[in-house]
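>>> got a predicted structure plus its sequence, pasted below:
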2 protein chains.
Amino acid sequence: MIVVQKYGGSSVADAERIRRVARRVAATRAEGHEVVVVVSAMGDTTDEIIQLVKEITGCPPEREMDVALSTGEQVSIALLAMALNEMGEPVTCLTGAQAGILTDSSHTRAKILNVNTGRLRVELKRKNIIVVAGFQGVDRLGDITTLGRGGSDTTAVALAVALKADLCEIYTDVDGVYTTDPRLVPEARKLEAVSYEEMLELANLGAVVLHHRAVELAMEYGVPLHVRSSFNYNNGTVVKEADYLEKSHVVTGVACDMNAAKIGIFNVFDKPGIAFTLFKALADKNINVDMIIQSAMRDERNDISFTCSQADLKKALSVVESLKMNLGADGYTHDEGVAKVSIVGAGMASNPGVAATMFEALYREGINLEMISTSEIKVSCIVKDEQAANAVRALHKVFELDQG
Amino acid sequence: MIVVQKYGGSSVADAERIRRVARRVAATRAEGHEVVVVVSAMGDTTDEIIQLVKEITGCPPEREMDVALSTGEQVSIALLAMALNEMGEPVTCLTGAQAGILTDSSHTRAKILNVNTGRLRVELKRKNIIVVAGFQGVDRLGDITTLGRGGSDTTAVALAVALKADLCEIYTDVDGVYTTDPRLVPEARKLEAVSYEEMLELANLGAVVLHHRAVELAMEYGVPLHVRSSFNYNNGTVVKEADYLEKSHVVTGVACDMNAAKIGIFNVFDKPGIAFTLFKALADKNINVDMIIQSAMRDERNDISFTCSQADLKKALSVVESLKMNLGADGYTHDEGVAKVSIVGAGMASNPGVAATMFEALYREGINLEMISTSEIKVSCIVKDEQAANAVRALHKVFELDQG
């Protein structure tokens, strides 16, 4: 059967780790499988390239940025292929372009349009292990593109889809998906399986095991993903269709994003187009807005609050400042000292009262909720940074996530 | 007019130097020219990649080696294009593959077969400066190849030929081609012009300003090369057809290669096929043999001596050892402590007695000649390492190279 394996940057950070990955790949082939391996750039390589670029310009053209960035994975594939060759394994390495990863031309954040599997099929027929550079592709002009955050995961899933692989394993430096961050809650438990939807919410909530783009693609084509550690042989977590899962728990996991920032705008005009004006302007600056809350009307004026990442806060504030007059706002405030705590569970939709249980647990801990947002399978609350860990522990307990 | 400029690794070793190259390229464009720039990898990048590879394997597969090595130039082109973009210049950067450099599949030492100029023409029509990665290409399978030593010079000349460029400038860290090494002889004089043939001999003799492959290609297509410094605006040396040169000097330059090693084999069989057996075996091991001397017959036995680079000495000795029986040799000896001193000049062929003048000058300095070899435009002698500098000074003086 065809197995796609993806190894992240920390799994190939040095020669010893590359050899370990090679042994793992060889073992998979020895079981009789055809193996396609996707690798990221070694450890800090990408940061080093970005540092070189910074010395040249503060505002690099994106096409050229992709030419530079894509070299990181190119070095990784060569070294991993050499390590496999050293072990006597038949192997070939391919850049994104050579592997037929065709993307649009949105440099630094390209989307995969198609995978031309011609070369891949040839190499599989030759019984070669194929090592493919993650995170990169080529557009119709023949220009090198990169896929942006989570790109290597997405490459792996796209190859699994295109080759109709039987299994797609995502190797990382953690054991799998946990009910919550084990550093915050020692009782956190590894999940055997989660649904795509739950994984998506967890990925979007800062539990960065797997990028949401990769999960979306896997969900669309029904490719099961096995998220596991490259440092041991334990089973990890399988991400698959919700139908196949036992819903013993209403809540599957608790996520915590310490990287949130909040902006509040007071007394904006209550008329059509105000929200559009604000959030269009933020989107134009590539600022990812997360939660949005518009308060009840008061004297034909509204308050609007939203959250974004702390990294985007400065950009977001300058957008708000520039629109103050247009929005008719009295003023605005911001707070970096907040965190987003969320519960996620596919069983939540059919179980009323889950949100109430959450709010009660947090109330009992004396935690104030600054913003709330809900979806079918998720409830998120913004709380003060210093109360976040406490909130996570309380929620993990009240939803009995420590009990398998 | 179309100008091809090539900048070596030391010219793009850091951000400040890359900016200096960018200013120079921009100035050339401001004069109204279409500019195609070829760059090498930054300073030590290639060594760093080789170091990474060494940690994985002592015997890397060549195809994968090329995948790794080619990233060095890929980073350079991105950074130089960014620096030009920062100055407001319209620019695009292309890898060897994107620039249409089609090669054979001899990985790590590929030969350029053709340049598909489609993309280059498009970019020139768009009035873009084009920055091309030197040293690399792509074979018919779409695999990345590298051109081996002197590869970037060869890329530049190949592009100049394919685009019918009016000028090909090779920027380096020296001012041009000198009558001899200025570190050995302070009176050494920069040459305004040398013929392709002289440059070839000088290049092969260790005066490493320009690689012989690039010179051969330029000679074949009659592309004049301007070798000059990227650190100043002085005129360098033009390499062109001998016809256009004034032959005021019989000898144009004196070269010295300290990197030579000598192997002598005693009393081999005097029968057909002996030389073939030896030198075929050396060639099979990729050992570049330079001078070969077979002594006069003595009791139906011959002595054979040859020189190679010091780097190849160990490999060469193991070949000799393995053939000792077949050759019927009594034994063999080797000497790393030798240097090759040569005089080169297109006017030499028509001037008898040049070699005699050379030998006399060396004799007067008390220098023993261990081996001699001659060609139409060159005489080379192997001398002891410690006498090499003295030999070069004496030859520079006797042929009046200090007098312009």
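Sure, I can see it.
>>> any part of stretch A:113-132 near chain B?
Yes - on the criterion CB under 8 Å from any CB of the partner chain, stretch A:113-132 is in touch with chain B at residue A:119. Bear in mind the C-beta positions are built from the backbone N, C-alpha and C, glycine included.
>>> buried set for that stretch?
Across stretch A:113-132, burial judged by 16 or more other CB atoms under 10 Å in any protein chain shown covers A:115, A:119-120, A:123-124, A:128-132.
>>> hmm, who's touching that stretch?
A:2, A:25-26, A:29, A:34-39, A:77, A:80-81, A:84, A:89-96, A:98-104, A:155, A:158-159, A:161-163, B:142 (CB atoms under 8 Å, 6 or more residues apart in numbering or on different chains).
>>> in strands only, show me the buried residues of stretch A:113-132.
Counting by DSSP state E, the members of the buried residues of stretch A:113-132 that fall within strands are A:115, A:129-132.
>>> from the residues you listed, which is closest to chain B?
Distances from these to chain B were compared by CB to the nearest CB; the smallest belongs to residue A:131, at 8.9 Å.
>>> the residue nearest to that closest one when sequence neighbours are not counted: what's it in contact with?
Here the nearest residue to residue A:131 in space, its sequence neighbours aside, is residue A:93; by CB to CB, 6 or more residues apart in numbering or on different chains that works out to 4.2 Å. Going by CB under 8 Å, 6+ apart, residue A:93 touches A:77-78, A:80-81, A:130-133, B:64, B:67.
>>> restricted to buried residues, select these in ChimeraX.
Listed next is the ChimeraX selection for buried residues among the contacts of residue A:93, using 16+ other CB under 10 Å:
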select /A:77,78,80,81,130,131,132,133 /B:64,67
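>>> okay, the contacts of residue A:93 in a markdown table with pLDDT and distance to residue B:386 next?
Supplementary listing: the contacts of residue A:93 in a markdown table, determined by pLDDT from 0 to 100; distance: CB to CB, whole Å:
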| residue | pLDDT | distance to residue B:386 |
| --- | --- | --- |
| A:77 | 98 | 48 |
| A:78 | 98 | 43 |
| A:80 | 98 | 48 |
| A:81 | 98 | 46 |
| A:130 | 98 | 55 |
| A:131 | 98 | 51 |
| A:132 | 98 | 55 |
| A:133 | 98 | 51 |
| B:64 | 97 | 43 |
| B:67 | 97 | 44 |
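>>> out of the contacts of residue A:93, who's nearest residue B:213?
Within these, the smallest distance to residue B:213 is 22.1 Å, found for residue B:67 (CB to CB).
>>> from chain B, how far off is residue A:329?
The spacing between residue A:329 and chain B, counted by CB to the nearest CB, to the nearest Å, is 37 Å.
>>> test my guess that residue A:36 contacts residue A:166.
No - between residue A:36 and residue A:166 there is no contact, the gap being 11.4 Å when judged by CB atoms under 8 Å.
>>> list the residues that contact both of those two?
Overlap between the contact sets of residue A:36 and residue A:166, as judged by CB under 8 Å, 6+ apart, is given by A:2-3.
>>> the two - which one has more neighbours?
Between residue A:36 and residue A:166, counting by other CB atoms under 10 Å in any protein chain shown, residue A:36 is the more crowded of the two (28 against 14).
>>> secondary structure element holding that one?
Taking DSSP states H and E as the definition, residue A:36 sits inside strand A:34-39.
>>> distance to residue B:12 added to the contacts of residue A:93, as JSON lines?
Formatted as JSON lines, these follow (distance: CB to CB, whole Å):
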{"residue": "A:77", "distance to residue B:12": "25"}
{"residue": "A:78", "distance to residue B:12": "22"}
{"residue": "A:80", "distance to residue B:12": "28"}
{"residue": "A:81", "distance to residue B:12": "28"}
{"residue": "A:130", "distance to residue B:12": "33"}
{"residue": "A:131", "distance to residue B:12": "29"}
{"residue": "A:132", "distance to residue B:12": "30"}
{"residue": "A:133", "distance to residue B:12": "24"}
{"residue": "B:64", "distance to residue B:12": "25"}
{"residue": "B:67", "distance to residue B:12": "21"}
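>>> ok, the residue of the stretch 301-404 of chain A found nearest chain B to residue A:57 distance?
With distances taken as CB to the nearest CB, the stretch 301-404 of chain A approaches chain B most closely at residue A:315, which sits 21.3 Å away. To residue A:57, residue A:315 is 19 Å away according to CB to CB, to the nearest Å.
>>> also residue A:144?
In terms of CB to CB, residue A:144 sits 19 Å off from residue A:57.
>>> so if I had to pick from the two, which one is more boxed in?
More neighbours surround residue A:144 than the other of residue A:144 and residue A:57, with 30 against 19 (other CB under 10 Å).
>>> contacting residues for that one?
For residue A:144, the contact set (CB under 8 Å, 6+ apart) comprises A:66-67, A:70, A:96-97, A:136-138, B:95.
>>> if we go to 10 Å?
If a contact means CB atoms under 10 Å, 6 or more residues apart in numbering or on different chains, then residue A:144 has A:63-64, A:66-71, A:74, A:95-97, A:103, A:107, A:110, A:136-138, B:74, B:78, B:93-95, B:97-98 as its contacts.
>>> which ones among those map onto helices?
If you go by DSSP state H, the contacts of residue A:144 have A:63-64, A:66-69, A:71, A:74, B:74, B:78 in helices.
>>> and the two most separated of those residues?
For those, with distances taken as CB to CB, the pair at the greatest spread is A:63 and A:74 (16.8 Å).
>>> okay, now the residue of the stretch 101-250 of chain A found nearest chain B: neighbour count?
Closest residue of the stretch 101-250 of chain A to chain B, CB to the nearest CB: residue A:142 (5.7 Å). Counted by other CB under 10 Å, the residues lying close to residue A:142 total 14.
>>> cool, residue A:221 as well?
For residue A:221, the neighbour count with other CB under 10 Å is 13.
>>> which residues are in contact with the closest residue to it other than its chain neighbours?
Nearest residue to residue A:221 in three dimensions, chain neighbours excluded: residue A:161, at 4.5 Å (CB to CB, 6+ apart). Taking CB under 10 Å, 6+ apart, we find residue A:161 in contact with A:4, A:112, A:115, A:168, A:217-218, A:220-223.
>>> same question, residue A:357
Applying CB under 10 Å, 6+ apart, one finds that residue A:357 lies in contact with A:250-251, A:343, A:351, A:379, A:395, A:398-399.
>>> what about chain B: which of those residues touch it?
Intersecting the contacts of residue A:357 with the contacts of chain B gives an empty set (criterion: CB under 10 Å from any CB of the partner chain).
>>> and residue A:233, its phi and psi?
Dihedral angles of residue A:233 (phi, psi; degrees, to the nearest 10) stand at phi -110, psi 20.
>>> what residues are up against it?
Contacts of residue A:233 were listed using CB under 10 Å, 6+ apart, and they are A:24, A:27.
>>> let me see the contact set for residue A:74.
A:41, A:93-96, A:133, A:136, A:144, B:67-68, B:70-71, B:74, B:144.
>>> cutoff 8 Å now
A:95, A:133, B:67-68, B:70-71, B:74.
>>> and if you look at residue A:185?
When contacts are counted by CB under 8 Å, 6+ apart, residue A:185 touches A:179, A:254, A:392-393, A:396, A:402.
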